[in-house]
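# Sequence and predicted structure below; questions after.
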Amino acid sequence: MQIFSENLLANQVAIVTGGGTGIGKQIAKTLGESGAKVVIAGRRKEVLEETRNEFVKEGIETHAISIDIRVPEQVQQLVDFTVGSFGKVDILVNNAGGQFPKKSEELTPNGWNAVIHNNLNGTFYVTQAVAKQMIKQGTGGAITNILVSFLHRGAPGIAHSVAARNGVYGMMRTLALEWAKYNIRINSIGPGLFVTEGMKEEMASSAGPHFIEQVTQDVPLGRTGRLQELGWLVTYLSCPAAEYMTGEFIVIDGGNSLGRGLTFVPY
Ligand SMILES: CCCCCCC/C=C/C(=O)SCCNC(=O)CCNC(=O)[C@H](O)C(C)(C)COP(=O)(O)OP(=O)(O)OC[C@H]1O[C@@H](n2cnc3c(N)ncnc32)[C@H](O)[C@@H]1OP(=O)(O)O
Ligand SMILES: NC(=O)C1=CN([C@@H]2O[C@H](COP(=O)(O)OP(=O)(O)OC[C@H]3O[C@@H](n4cnc5c(N)ncnc54)[C@H](OP(=O)(O)O)[C@@H]3O)[C@@H](O)[C@H]2O)C=CC1
């Protein structure tokens, strides 16, 4: 379904990290369907190339680059590559990330650092490099971070990831203040459960075979999220309709984070 006009983001250039798979792939596709030129970035070259070919066949102007967001020199290559390919950067989606579930008392320092490094440091490196380019351009920009719905509630088994995402939240609030004068807006999204291959792999060994059904039972709207719904939300945050929004965190989880609530009459 095409919600937004195909010209909404015409002449806009977007970078989506982790854009070769899952949520990032759908976000990049939706931005492209609204007219943006897209650069998808991740570590696995062959995955990125496959996604790029798919997009190009659909008429989306796409380039792909293999980089690790944890390595500042490679992050700079991403920005240089984007400017070299499309002349500028207007939109950034910080989607790359993830974690492995582990009881906190069993987490090693290396395990903790690995997740903090990827989700917090990596996100900062990309954000800083892209914002410097946006400041140089003088045309503003829209940055969106993909975090998690349970940011403020906690999630036993992934303390490292919740800590890192809260770090990104704090970073976002501060950068929204610092960069407002450049008209660079920065917002965050907290997705609930969206079924992707990456999510299934990550949860498969730890959360048990019924994880998706169990979570779904607690979702008032009764289902998992559709990837397209995240694509639309990012498109909204990246377009002129959201020009007065910055520093905000939007949860999209079918009401899951409301909990069960208090019931005063039988339903
Ligand atoms: C109600 C709503 C419900 C929503 C639920 C869903 C919420 C979230 C879903 C998702 O996030 S979906 C995304 C799915 N994809 C991923 O999570 C993959 C991301 N993972 C990675 O990219 C990497 O594994 C990593 C986390 C960045 C680590 O990579 P790195 O190369 O740095 O690790 P290593 O050098 O191999 O190891 C460092 C250290 O970490 C320990 N470790 C790494 N992976 C695991 C693991 N799978 N299990 C246990 N431990 C792991 C590793 O052992 C090392 O520690 P030491 O052994 O040296 O002490
Ligand atoms: N699915 C869900 O229910 C939820 C997901 N999220 C978050 O949404 C994001 C996307 O998840 P999802 O699509 O489900 O899972 P994926 O595993 O498909 O997405 C993770 C993406 O990030 C890329 N990536 C990870 N680390 C790096 C790195 N160091 N440098 C460059 N790219 C990297 C991966 O590519 P590669 O491995 O090739 O580098 C991959 O494309 C993640 O941040 C996840 O934590 C949040 C809440 C819920």
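Good, I have the coordinates. Ligands and ions are numbered 1, 2, ... in the order given.

# And stretch 58-76, what's buried?
60, 62-70, 72, 74-76 (16 or more other CB atoms under 10 Å). All C-beta spots, glycine's among them, are computed from the backbone N, C-alpha and C.

# Let's see which of those residues end up in helices.
Cross-referencing the buried residues of stretch 58-76 against helices under DSSP state H gives Pro72, Gln74, Val75, Gln76.

# Tabulate the buried residues of stretch 58-76 in TSV, adding columns for distance to Thr174 and pLDDT.
Supplementary listing: these in TSV, determined by distance: CB to CB, whole Å; pLDDT from 0 to 100:
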residue	distance to Thr174	pLDDT
Ile60	33	98
Thr62	32	98
His63	31	98
Ala64	31	98
Ile65	28	98
Ser66	30	98
Ile67	25	98
Asp68	25	98
Ile69	20	98
Arg70	21	98
Pro72	20	98
Gln74	25	98
Val75	20	99
Gln76	22	99
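
# Against ligand 2, which of those make the cut? List them.
Applying CB under 6 Å from any ligand atom to the buried residues of stretch 58-76, one finds that Asp68, Ile69, Arg70 fall near ligand 2.

# dump the residue contacts of the closest residue in space to the last one that isn't next to it in sequence.
Across the structure, with CB to CB, 6 or more residues apart in numbering as the measure, the residue nearest Arg70 apart from its sequence neighbours is Gly122 (4.7 Å). Under the criterion of CB atoms under 8 Å, 6 or more residues apart in numbering, the contact partners of Gly122 comprise Asp68, Ile69, Arg70, Ala96, Gly97.

# from the ones in helices among the buried residues of stretch 58-76, which is closest to Gly254?
Sorting those by distance to Gly254 puts Val75 at the head of the list, at 33.8 Å, by CB to CB.

# just checking, the closest one touches Thr127?
No: with contact taken as CB atoms under 8 Å, Val75 and Thr127 are classed as non-touching, separated by 9.5 Å.

# what about stretch 131-151, distance to the chain center?
Taking the mean of its C-alpha atoms, stretch 131-151 sits 11 Å from the chain's own mean (CA atoms, centre = their mean, to the nearest Å).

# is ligand 1 contacted by it?
Yes: contact check for stretch 131-151 against ligand 1, using CB under 6 Å from any ligand atom: residues in range are Val148, Ser149, Phe150.

# and if you look at stretch 243-252?
No: for stretch 243-252, no contact with ligand 1 is found by CB under 6 Å from any ligand atom; the gap never falls below 10.2 Å.

# Check what contacts the helix or strand encompassing Thr82 and list those residues.
Under the assignment given by DSSP states H and E, the secondary-structure element containing Thr82 is helix 72-86. When contacts are taken as CB under 8 Å, 6+ apart, the neighbours of helix 72-86 outside the stretch itself are 13, 15, 37, 39, 41, 61, 63, 65, 67-69, 88-89, 125-126, 129-130, 132-133.

# Equivalent analysis for stretch 98-109, please.
111, 115, 118-119, 157-161, 164, 198, 202-203, 206-207.

# Let's see if you can find the most crowded of those.
For the contacts of stretch 98-109, neighbours were counted using other CB atoms under 10 Å, and Asn119 has the most, 28 neighbours in all.
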